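> predicted model, plus sequence, below.
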Amino acid sequence: MTESLHGLTKGTVLEPAIKAVAAAEANGVMMYYALARLAKEQGLDDAAETFIEAANQEAVHAGFYATLNGKYPKDFWGLVAAVQKAEVAGEAQVKSLADKVRASGFTAAADEMEIFAKQEGHHGIILYELLKKYSAKKSTPPAQKVYVCPVCGYEYVGDINAEPDDWTCPLCGQPKNAFKAKIQIKAVRFYDGGFMLKSFACGGGLPEGSIKEEKLRSSLQNYVIDTGDEIILVENFGNS
């Protein structure tokens, strides 16, 4: 197995310079592909091929520098899961934008964007297959906290406060302070048929014998109990 370069420069004096180079390389990918399109439109096929070759190499460079700085997690399946959902949603989003472009009279651009929309959906499918094949279905250890990006849903496992202040979501770029701690949800089961004990309905903390115990018909609202540290979600609410 190849020795990992992940995070070698993270937290070192080299990190800012590596970060800047990674951004420049990523911008270079966009620039070279744009130049390739423009060259193709002008019949300069050889120039277009050269620009595409440069773009592909710049993409490799950008990924290399991002790996050095540990921009993306080494255990990357959580990120892939978030990306997969974004790709699926992206199909409809790009299609909607294509419709607006078409309505503005830019038919050729809209036609190509519709192709892009289908490609986004395809990305979602192939990532889903990868997740089924490789992603280990394991729960987060109880001792570890989970923080969720409010925009894309990416989950950070561990102490997010240990990240530098300029750390951003690896998927959508939201700042660290936008992340919210994930509430741990526990599922429990009480009475079938939509009933619960009166003591439980009153909070579960009443002294024994302080009220006359009886079954109460329940609704979904009765079944969600917030303890402050966690939410207890009761599984059965079928006969509310």
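Perfect, I can see it now. Keep in mind that this is a model prediction, so the values were computed, not measured. Residues are numbered from 1 along each chain as shown.

> please make it C-alpha for all contacts and neighbour counts, starting now.
Noted.

> could you measure from the closest residue to Val94 other than its chain neighbours over to Ala110?
Nearest residue to Val94, sequence neighbours excluded (Cα to Cα, 6 or more residues apart in numbering): Ala117, at 5.2 Å. According to Cα to Cα, to the nearest Å, Ala117 stands 10 Å off from Ala110.

> now do the strands in the protein.
Along the chain, counting by DSSP state E, strands occupy 146-148, 155-157, 180-181, 185-188, 195-197, 215-217, 224-226, 231-234.

> flag the shaky bits of the protein, pLDDT-wise.
1, 136-143, 184-240 (pLDDT under 70).

> outline the domain layout of this protein.
Using automatic domain parsing, the domain parsing of the chain gives 1-71, 74-137, 185-234.

> could you dump these into TSV with distance to Ile160 added?
As requested, the domains of the chain are exported to TSV (distance: least, Cα to Cα, whole Å):
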stretch	distance to Ile160
domain 1-71	14
domain 74-137	15
domain 185-234	19
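
> can you put those in a markdown table and add distance to Val151 and mean neighbour count?
Converted to a markdown table, the domains of the chain look like this (distance: least, Cα to Cα, whole Å; neighbours: other Cα atoms under 10 Å):
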| stretch | distance to Val151 | mean neighbour count |
| --- | --- | --- |
| domain 1-71 | 18 | 16 |
| domain 74-137 | 10 | 16 |
| domain 185-234 | 21 | 14 |
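
> could you pull out the helices for this structure?
For the chain, applying DSSP state H gives helices covering 15-41, 45-68, 77-103, 107-134, 198-201.

> what helices or strands is the fourth one leaning on?
Contacting helix 107-134 under the criterion 3 or more Cα pairs under 8 Å, 6 or more residues apart in numbering; DSSP states H and E are the following elements: helix 77-103.
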